[in-house]
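Visitor: the following comprises the amino acid sequence and a computationally predicted model.
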Amino acid sequence: MQMPVEELGDTGKKMQDFFSHLYSVFQYCGAADTAYNDDYMPDEFGLLHNHCGCVSYALQQMIGGEVVRGKCKDIPHMWNRLGKFQYDLCASQYGLSPVMISVGIDFSTHTKPKTFNPKNINPRFQKFWSRVQETYYR
């Protein structure tokens, strides 16, 4: 059953505020050198265009949970799941709300957890995560 996060009252508001702040931090940290490929078009699709892997990895480092791989509008995509909540801070590149928080549903018909091997994390993810730490934790 899907429940809008707004129906969670004060808890939902705090979650929305927290993730909206993180979204701002992630936007500040995202750049062409941390995007998935050279097809980075921030003016057209937002500052986090092609950053779903980086953002999912950084968010997992901060709050735990798992990174989920699936599709959004038939395009491969990653987001986070922690318990019954799913968080997507890169949905704006698909014309959706910048911060998507869902309760008890999947964004996709096909999802599978993504496991990051600490020995071979994508260098773009590491670079993005380093920037997030420098920005968020200073």
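Guide: Arrived safely, thanks for sending. Numbering: from 1, shown residues only.
Visitor: can you pull out the strands in the chain?
Guide: Assigned by DSSP state E, the chain shows strands spanning 3-4, 66-72, 75-82, 85-88, 100-103, 112-114.
Visitor: Tyr94: which of those strands is closest?
Guide: Taking C-beta to C-beta, strand 66-72 is the member of the strands of the chain nearest to Tyr94, at 5.2 Å. In short, each C-beta sits where N, CA and C put it, glycine included.
Visitor: rounded mean pLDDT for that closest one, please.
Guide: The average pLDDT for strand 66-72 rounds to 87.
Visitor: list the buried ones in that strand?
Guide: Buried residues in strand 66-72, counted by 16 or more other C-beta atoms under 10 Å: Val67, Val68, Arg69, Gly70, Cys72.
Visitor: identify, from the residues you listed, the entry nearest to Asn80.
Guide: If you rank the buried residues of strand 66-72 by distance to Asn80 using C-beta to C-beta, Val67 comes first, at 6.0 Å.
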